[in-house]
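>>> Everything below, folded, please.
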Amino acid sequence: MVKDKSNIHQAFWLGISSISSIFVSLVSAAILSRFFDKAEYGTYKQIMFVYSTLLVIFEAGLPSVFSYFLPRYSLAEGKYIVKKINQILFFSGGLLSITLFFSAEPIAQFLNNPELAKGLKLFSPFPFFTLPTLGLEGIYIVNRNTKYIAVYNTITRILMLVCIILPVLLYRNSYEVAIIGWGFAAVFAFFVALYLKNRPYYNVNELIKVPKIMKKVLSYSLPILGSSCILLFYNSINQVLISRNFGTEAFAEYANGFLPLPFIGIIVTPVRKMLIPLFSKSKNENCLDESVVFFNKAIYEMGLIIIPLCIFCFCFSKEIMSFLYGIQYESSHVFFQINLVYNICEIIPLQVILSGIGKTKVLFVFDVICTLLLLLVNMVLLYCNVSSPVLIACVFVCMQLLLRNICPYIYLRYSEGVMIVSKTTIMNLFKIILHVIVIVVFVAWSARFYKDISVICLQLIISGILFYILLVVSGIVLKINYLSSLKRLIRR
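Below you'll find the predicted structure:
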């Protein structure tokens, strides 16, 4: 019970950390989409897309190494592991910067946007400073000091928001100015991260070499690198298809809408990060029972918060998109709805458990199969001339469910012999879904009585208040305590 409370406590601080990241992404997108025209905003989003896509390859799975290996070694050995991995991350950062600069024009030509080449060259120096910051969360999760991560992310993300938005508002309205501001904040975060990575080991005078550690690290991370290469292609298929076949404006609409609900990352990401070291240690001790109990408890707690949010936002997606990005991006609500379907399934992060028990090679096989299926289905749709941005997004979500939920469940159940999700948990989740659907249908019907209110934000507030009042009150009758998770978070 004490360990369970400690895990929840660490996950809470990681949640606070996620809030700042999501806040910057949401606010910067909301402001920039209003000040940039669709072509310029699409170029800015494409730069971030290219960077985040290549980052998956060049980080080579190394940030997850900290969470997996550090729980298995002493502090003195951990200090040695951190030092070795940091050296590789410095090298990877430099290599990514060089790659971005010299491949800018081919990438711009491939994405059918000549302006993109200029933007990528301007952005290219900054990855050298971002890669060495990776893995910081893993170190502090293992050392159970995630409050430092919350402070670090909050400060650096707020600085990034200021550096992106203020120059655009006060100096010049262009994506180049936003990129330079982003880079300035990245350099500041770099120096702070270097200090924090060494902080847990300041009192460790001894540096114990771990025999064959790099061989073990490579055995764990190379399948992740292979998966990263596959996922580079997998995650870019829908974005490339939309960019090349439907234009920059269609890509901007897709990019604004096909995003996870911000609160999902705040709740799910911390739990995912806690699961890797938790299952790694349990697997090393040949006892998964305690980790499975925590996993099921976490699923239900996340479901109490995430399921109502996702279903409410699905019902009022058009109003949300208009409020966030303006009436010109109202059509993005379809992409938002599609992604919300997958967001609900994210409360069962089975893929992360495979990483936690060291089955990265199995994940690689799943990645290959699902990527080939995704490519094949999209090629057939294009050949039959029935493809569209919406259909591309639907196919992508279906493959996500197969890759991250269905395949891992089948493997854990039949190859590992572990019933990772209990029948009780599944039934409780379905009970929540049915209850929420009934309430949201009534709220949507009631919304017609105040649809003449011109302020979209006010409409959403009224609907949200009515929704949660009815949900909580009727939940008491059905013995579903929707406030229990929130109360625990507040007490933390």
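
>>> The top helix by length along the chain: what's the following helix or strand?
For the chain, the helix with the greatest residue count under DSSP state H is helix 213-257. Heading C-terminal from helix 213-257, the first helix or strand you meet, by DSSP states H and E, is helix 262-284.

>>> then that following helix to CSV, C-alphas only?
In CSV, the C-alpha atoms belonging to helix 262-284 read as follows (Å, rounded to 0.1, in the frame of the first residue of the first chain):
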residue,chain,number,x,y,z
PRO,A,262,-4.5,17.9,-23.8
PHE,A,263,-5.7,16.3,-20.5
ILE,A,264,-4.9,12.9,-21.8
GLY,A,265,-1.1,13.5,-21.7
ILE,A,266,-1.4,15.0,-18.2
ILE,A,267,-3.0,11.8,-16.9
VAL,A,268,-1.7,8.9,-19.1
THR,A,269,1.9,10.0,-19.8
PRO,A,270,3.0,10.0,-16.1
VAL,A,271,1.5,6.5,-15.6
ARG,A,272,3.3,5.2,-18.7
LYS,A,273,6.6,6.5,-17.4
MET,A,274,6.0,4.9,-14.0
LEU,A,275,5.2,1.5,-15.5
ILE,A,276,8.5,0.9,-17.3
PRO,A,277,10.7,0.9,-14.1
LEU,A,278,8.0,-0.7,-12.1
PHE,A,279,7.6,-3.7,-14.4
SER,A,280,11.4,-3.8,-15.1
LYS,A,281,12.1,-4.3,-11.4
SER,A,282,9.2,-6.8,-10.9
LYS,A,283,10.4,-8.8,-13.9
ASN,A,284,13.9,-8.8,-12.5
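
>>> quick revisit: avg pLDDT for the longest helix of the chain?
Throughout helix 213-257, pLDDT has a mean value of 76.

>>> Find out how far that helix is from the centre of the chain, if you would.
Distance of helix 213-257 from its chain centroid, counting by CA atoms, centre = their mean, to the nearest Å, is 13 Å.

>>> Under the pLDDT cut-off, which ranges of this structure? List them.
The chain contains residues with pLDDT under 70 at 1-20, 22, 206-207, 210, 262, 265, 485-492.

>>> one more time with 50, if that's ok
1-5, 492 (pLDDT under 50).

>>> returning to what we had before: against which helices or strands is the longest helix of the chain packed?
Using 3 or more CB pairs under 8 Å, 6 or more residues apart in numbering; DSSP states H and E as the contact criterion, the elements in contact with helix 213-257 are helix 2-35, helix 38-58, helix 62-69, helix 75-102, helix 317-325, helix 333-345, helix 360-383, helix 389-401. (Glycine included, C-beta is placed from N, CA and C.)

>>> can you list the residues that contact the third one?
Yep, that's helix 62-69 we're talking about. Applying CB atoms under 8 Å, 6 or more residues apart in numbering, the contact partners of helix 62-69 are 81-82, 85, 88-89, 92, 134-135, 137-139, 141-142, 213, 216-217, 220-221, 224, 273, 276-277, 280, 355-356, 358.

>>> Measure how the longest helix of the chain sits relative to helix 62-69, angle-wise.
120 degrees (axes from the mean of the first three to the mean of the last three CA atoms, to 10 degrees).

>>> thinking again about what came up before, what's the most buried one of the helices and strands packed on helix 213-257?
Per-stretch averages of neighbours, counted by mean count of other CB atoms under 10 Å, single out helix 62-69 among the helices and strands packed on helix 213-257, with a mean of 24.

>>> from the middle of its chain, how far away would it be?
With CA atoms, centre = their mean, you get 17 Å for helix 62-69.

>>> Kindly export that helix (C-alpha atoms) in PDB.
The C-alpha trace of helix 62-69 is given here as PDB (Å, rounded to 0.1, in the frame of the first residue of the first chain):
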ATOM      1  CA  LEU A  62      18.200   5.800 -25.400                       C
ATOM      2  CA  PRO A  63      16.000   7.900 -23.100                       C
ATOM      3  CA  SER A  64      14.000   4.700 -22.100                       C
ATOM      4  CA  VAL A  65      17.300   3.000 -21.100                       C
ATOM      5  CA  PHE A  66      17.400   5.100 -17.900                       C
ATOM      6  CA  SER A  67      14.000   3.900 -16.700                       C
ATOM      7  CA  TYR A  68      14.800   0.200 -17.600                       C
ATOM      8  CA  PHE A  69      18.400  -0.200 -16.300                       C
END
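
>>> Asn385: which element?
Using DSSP H and E, Asn385 falls outside every helix and strand.

>>> measure the nearest residue to Phe188 once chain neighbours are set aside to Ala186 for me?
Spatial nearest neighbour of Phe188, chain neighbours left out: Leu159 (6.1 Å); criterion: CB to CB, 6 or more residues apart in numbering. Per CB to CB, to the nearest Å, Leu159 is found 10 Å from Ala186.

>>> go on, Leu381?
Counting by CB to CB, the gap from Leu381 to Ala186 is 38 Å.
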